[in-house]
Each structure stands twice: as C-alpha cells, then as structure tokens.
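**Q** kindly generate the corresponding structure for this input.
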Amino acid sequence: MRYDENFEKLCEALEGPGAFLVVESQGRVNAMTIGWAQAGVIWGQPVMTVLVRPSRYTHRLLEKAKHFSVCVPRRGELKKELAFCGSRSGRDHDKIRACGLKVAEGRDGVKYLEGCGLVYLCEVCGRTELRDGAVAEPALGRYYPDPADLHTLYFGRIISAESSA
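**A** Coordinates of the predicted model:
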C-alpha cells in the first residue's frame, strides 16, 4: 500500500490507545508505546517521524539502530499490551515476551510485531533534538515538566507500509 492510504487509522491510534514503536539494536528487540508520530514527505521521500525522550530506554536503542517500525493494532485490539509497553521500561522487562507478542522480520530485515493492522517499516535517515526554547507554551508546560527531557525526533524513510485490516 502507499504510505498515506490508511492515515486516518494511524491518527486514530495515536489519538487513542497508541501504536508500538519497535526497535532492534545490538540483538535486542524492544517495543514502546507511542502516541506521537508524523507521516509525510520530507527530503522528497515518505518519512515517519517518531518522538522519543532521552530518558527512555528506546532512545538508547534508537541511537544505534538503522531501522524501526511503527505497528498499529486494529481498533480495540492489543490494548493491554499497549498499556504494558507504555508503562514499563525495556531496561527492566522483556516487554515482547511478557506480552506474548511475536516479532517478524520484514523488508531489509526490519523487525515488527505480528498481528497489527498497519505496519510501517522505516530506515533511520535523520534525527534532531528539541532544544530549550524550541517548544512554545502551553505545550512546554503541559508535556515537559522536566525541560531537560525534551524529545529527540527520529526520521525514518518509509521503506514499506502494509495493511492487513
């Protein structure tokens, strides 16, 4: 499918229970629940942008990763798994095993979670850190109680977008 074909389903998940950000680095696969992402065209190519705070374990993995995937469950599915992966750290838990999730390998070896309705396989093509003064109020006060924990934005060229909805 084209990367933008199911945009409304991606937005519905991000505005609701979330989606899984899956990263493999140094032989370890981790899943983190995300509620913020963007899909569009940057640098003349389809790109998914995900935001991860430096305090998160996933941030450390992404710093060394070549790929990531964004996996969107079908409406009403995997709610407990999303809640678990959004409230536990991969430093302390093998979240994929604890949730009984299955990892598959897609194009270019990108890992993703089986059983999701939408899957975006991405190759990291850039990153930038939000800096002090980059976020305006009221978002700064609402989302950044610790101004030292501003997100890093990771840009992933979408190499494949798949739907099994």
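**Q** and the strands in the protein?
**A** Here the chain has its strands, by DSSP state E, at 19-25, 28-34, 37-42, 45-52, 67-72, 103-105, 111-113, 118-129, 152-163.
**Q** quick one: closest of these to T58.
**A** strand 28-34 (4.3 Å; CB to CB). For every residue, glycine as well, the C-beta is placed using N, CA and C.
**Q** for the helix or strand bottoming out on mean pLDDT in the chain, which residues meet the burial criterion?
**A** Lowest on mean pLDDT, DSSP states H and E among the helices and strands of the chain sits helix 139-143, with a mean of 82. Judged by neighbour count using 16 or more other CB atoms under 10 Å, the buried positions of helix 139-143 are L140.
**Q** by contact count, what packs against that helix?
**A** Here helix 139-143 touches no other helix or strand, going by 3 or more CB pairs under 8 Å, 6 or more residues apart in numbering; DSSP states H and E.
**Q** centre of the chain to that helix, how far?
**A** In terms of CA atoms, centre = their mean, to the nearest Å, the centre of helix 139-143 is found 21 Å from the chain centre.
**Q** who's the residue most central in space within the chain bridged to?
**A** Centroid check for the chain by CA atoms, centre = their mean gives L21 as the closest residue, at 2.8 Å. Beta-bridge pairing for L21 (DSSP bridges): M32, V70.
**Q** please shift the residue numbers so they start at 493 in all later answers.
**A** Sounds good: first residue 493 from here, last item L513.
**Q** isn't it up against V542?
**A** Yes: taking CB atoms under 8 Å as the definition, L513 is a contact partner of V542 at 5.5 Å.
**Q** now do the shared contacts for these two.
**A** I526, A529, F560, V562 (CB atoms under 8 Å, 6 or more residues apart in numbering).
**Q** so what's the third one up against?
**A** When contacts are counted by CB under 8 Å, 6+ apart, F560 is found next to L513, V514, V515, V542, L554, V602, C614, V616, Y646, G648.
**Q** before we move on, what about I650?
**A** Y495, A531, Q537, P538, V539, M540, Y612, L613, C614.
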